[in-house]
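Colleague: Provided below for reference: sequence and predicted model.
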Amino acid sequence: MSESPSAYSPASQDFRKEAFPIYWVARLHGVYLQHLEFALRQVGLDVPTWRVLFILRENGTSSLSDVAEQAIAKLSTIAKTVRRMKAEGLVDTATARHDGRVTEVSLTAAGRDAIAASLSVTRPLFERSFQGMTPEQIQMLNQLLEGVFHNLWDDRPG
């Protein structure tokens, strides 16, 4: 069934939530987080910790502000998460040599072990999430979502 163009716009009389892509993005995000939280609990992790671990895995040593930006989280929230992770031995922190006001975060061996443990319980979720999709479809989905993201990110409030 083809939707009328106005069905996508919340301002339209023809609006239907199921025609609004952000509705599906929000639902997807919510249900994905439910599954991810359940999987991570099996290895003693939570989603904020997992996010920081994977940001550091990909980027290497990073400033707290860079981690917050990548996680789309408030700096204070990331700082609290990192303090807890440091107490658990998952990360180390240090003052940046180039700027004493910057705190840098890096993975420890325990943090790398936590990533490996998380992969063992989340791999089935990742695979199930994209079941039936080709690599080209996943790439197209990423491109479309990235476009919407940049439409909002480049002009975000505050």
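Modeller: Received the coordinates, thanks.

Colleague: quick one: low-confidence parts of the protein?
Modeller: Residues of the chain meeting the criterion pLDDT under 70: 1-5, 158.

Colleague: Show me how it divides into domains.
Modeller: The chain breaks down by automatic domain parsing into domains covering 1-41, 45-130.

Colleague: ok, and what's touching stretch 52-67?
Modeller: The contact list for stretch 52-67, computed with CB atoms under 8 Å, 6 or more residues apart in numbering, reads 45, 70-71, 75, 78-79, 81-82, 85, 90-91, 96, 102-107, 111-112, 114-115, 118. From N, CA and C alone the C-beta is placed, and that goes for glycine too.

Colleague: Would you list the buried entries among these?
Modeller: 45, 70-71, 78-79, 81-82, 85, 90-91, 103-105, 107, 111, 114-115, 118 (16 or more other CB atoms under 10 Å).

Colleague: Among those residues, which lie within helices?
Modeller: Mapping the buried ones among the contacts of stretch 52-67 onto helices (DSSP state H) picks out 70-71, 78-79, 81-82, 85, 111, 114-115, 118.

Colleague: so residue 50 makes contact with residue 40?
Modeller: Yes: here residue 50 reaches residue 40: they are 5.7 Å apart, a contact under CB atoms under 8 Å.

Colleague: And for residue 16, the neighbour number?
Modeller: Neighbourhood size, residue 16 [other CB atoms under 10 Å]: 14.

Colleague: Next: the one 10 residues further on.
Modeller: The number of residues packed around residue 26, counting by other CB under 10 Å, is 12.

Colleague: now the one 10 residues further on
Modeller: Residue neighbour count, defined by other CB under 10 Å, stands at 21 for residue 36.

Colleague: In the helix or strand harbouring it, which residues are buried?
Modeller: Residue 36 belongs to helix 21-41 when assigned by DSSP states H and E. Going by neighbour count (16+ other CB under 10 Å), the buried part of helix 21-41 is 36, 39-40.

Colleague: Please produce a markdown table containing the residues you listed, extended by distance to residue 27.
Modeller: Compiled in a markdown table, the buried residues of helix 21-41 are given as follows (distance: CB to CB, whole Å):
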| residue | distance to residue 27 |
| --- | --- |
| 36 | 15 |
| 39 | 19 |
| 40 | 20 |
